[in-house]
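Q: Based on what follows, work out the 3D shape:
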Amino acid sequence: MMAIRRKQNKKPSGPAWVIALIVAVSLASHVLANTVRLHEQAGSSGPTVTLEEVADLDGDDASRFGGVIVGAFGENAPTLQVSMETVREALTRQGANWGTLSLVGFNRCQVTRLQEPAVVDADRPEVDHATVAVNLEHEIDLKTPLTLRDHLRETIASRCGADPADLRITFREADGARLDMSLMRNRFEVGFATKNVLGRIPIRIHTLSRGRTDGSFMITARVERRVLGVVATRVIPSRRPFPSDAVEVRELWLDTEDGPPLTDLSMVVGQMAAVAIRPGMAISAHMIRPPLLVRRGDPVTVRVVIGDLSVRSVAKAVEDGALDDVITLRRQGGRDTFTATVTGLREATILMDPIAPRPAAPASARRSPDGLSRTIATFREQSK
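A: Residues are numbered from 1 along each chain as shown. Below you'll find the model as predicted:
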């Protein structure tokens with residue numbers, strides 16, 4: 001019977017297997033070419049929210065669903081949560097073919113309601129703002145923004161507080177025509193839909209005519225910042241030390257605000273990797289931890305200090321620990337466990353306040369020693 005099962009589970013061989021692989025790759029490529037990628041954050045002026053405002057749409061099959069409504073703000077509600085399941089249901093109602101369309105990204109997108117620009121009072125004289133506030137009496141130099149693209153780059157750099165030379169700002173090709181709109185013939189108001197300054201930045205652009213909103217559209221920018229940081233040059237498994245030849249300081253582009261990379265090699269070399277490290281990964285503080293001084297199964301010298309009294313014994317480590325970690329140990333020859341703070345190589349300490357003397361209890365009220373007393377007694381007995 002076992003031989004038959006092995007024969008049935010055997011993979012197809014020869015041309016049939018190759019053809020099946022080619023078909024699978026072709027289908028996967030088609031699905032990946034038509035993808036709806038849900039964002040973590042987005043912005044919308046409301047009251048309804050469309051798919052193109054909360055997701056990137058790659059491919060013709062995906063792009064045709066851009067105007068599908070996937071949510072609506074409540075009255076005076078500043079935010080809205082759009083889940084992936086809600087998007088899937090909305091697209092299914094519109095006849096989406098899930099055999100050719102892929103829905104990926106974050107499970108939930110938080111949409112912030114963008115405020116509309118202030119409208120000019122009708123009783124006040126209207127001023128024609130058909131062009132931006134460029135002083136045409138002076139010569140326009142090479143630094144003067146002439147298109148919406150230039151203006152956004154300048155605004156994003158100011159928002160980041162960085163030199164534009166240290167930023168890499170890119171936009172989607174689909175937004176090219178709008179980004180090339182001239183500032184000399186149009187007036188815009190820019191609103192950012194996220195507090196983040198790096199990564200994917202959704203931007204709501206309002207077009208203005210005579211001080212009034214004439215229309216709006218979304219532009220998505222990707223912002224990266226150039227910094228120096230410690231970078232891994234090869235794979236470093238989790239819980240292994242960083243060797244000196246596995247890291248280097250180099251220039252890199254950051255697109256996340258999870259934490260700046262470390263810049264000093266001495267802060268990394270010899271430390272333990274808290275997570276698996278891949279080549280090219282920037283090393284930040286949360287990725288390292290001090291080297292292990294105690295490993296599971298090690299014999300550990302434990303000192304119990306109570307005031308001027310110090311009792312020393314040996315216990316077995318139940319878990320790993322670095323300097324100042326509180327770990328669990330098991331006393332030798334028993335099952336009882338206790339915790340102590342790692343203070344050195346295969347050393348741990350228990351610090352306790354002195355126990356104030358108490359009047360002796362009557363014999364009828366005496367109880368057996370508590371856990372602490374038993375532990376101290378055990379240490380004393382083993383240290384004789």
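Q: okay, CA-based contacts and neighbour counts for the rest of this
A: OK.
Q: Give me the most central residue, the protein.
A: Closest to where the C-alpha atoms of the chain average out (C-alpha atoms, centre = their mean) is Asp258, at 6.0 Å.
Q: Quick check: that residue vs Gly199, distance?
A: As judged by C-alpha to C-alpha, to the nearest Å, Asp258 and Gly199 stand 11 Å apart.
Q: ok, now Ser266?
A: Distance of Ser266 to Gly199, given as C-alpha to C-alpha: 29 Å.
Q: These two: which is more packed in?
A: Set side by side, Ser266 and Gly199 show more neighbours around Gly199, with 16 against 10, by other C-alpha atoms under 10 Å.
Q: give me every residue that touches that one.
A: Contact partners of Gly199, counting by C-alpha atoms under 8 Å, 6 or more residues apart in numbering, are 222-224, 255-256.
Q: Between these, identify the one with the most neighbours.
A: Among the contacts of Gly199, the one with the most neighbours (other C-alpha under 10 Å) is Val223, at 24 neighbours.
Q: wait, is that one part of a strand?
A: Yes. Looking at Val223 with DSSP: H, G, I helix; E, B strand; the rest coil, it is inside a strand.
Q: check contacts around it.
A: By C-alpha under 8 Å, 6+ apart, the residues touching Val223 are 167-170, 197-201, 255.
Q: That one pairs with what?
A: Ile169, Gly199 (DSSP bridges).
Q: follow-up on the earlier one: buried ones among the contacts of Val223?
A: Buried by 16 or more other C-alpha atoms under 10 Å: 167-169, 197-201, 255, out of these.
Q: Is it correct that Leu114 is in contact with Ala193?
A: Yes. Judged on C-alpha atoms under 8 Å, Leu114 makes contact with Ala193 at a distance of 6.9 Å.
Q: which residues sit in contact with the nearest residue to Arg289 once chain neighbours are set aside?
A: Nearest residue to Arg289, sequence neighbours excluded (C-alpha to C-alpha, 6 or more residues apart in numbering): Met272, at 5.1 Å. Residues in contact with Met272 (C-alpha under 8 Å, 6+ apart) are 238-242, 288-292.
Q: And Met272, how close does it get to Arg239?
A: In this view, Met272 and Arg239 are 5 Å apart by C-alpha to C-alpha.
Q: Over to Gly215?
A: Distance check for Gly215 against Arg239: by C-alpha to C-alpha, it reads 55 Å.
Q: now Val268
A: Val268 is 13 Å from Arg239, by C-alpha to C-alpha.
Q: if you count what's nearby, which of the two comes out ahead?
A: Regarding Val268 and Arg239, a neighbour count based on other C-alpha under 10 Å identifies Val268 as having more, with 25 against 17.
Q: right, and the more buried one touches Phe242 too?
A: Yes. Using C-alpha under 8 Å, Val268 makes contact with Phe242 at a distance of 6.6 Å.
Q: residues near His39, how many?
A: If we define neighbours as other C-alpha under 10 Å, then His39 has 22 of them.
Q: Verify the stated contact: it with Glu53.
A: No. Judged on C-alpha under 8 Å, His39 makes no contact with Glu53 at a distance of 9.1 Å.
Q: partners of the residue nearest to Arg289 in the sheet?
A: Beta-bridge pairing for Met272 (DSSP bridges): Pro241, Arg289.
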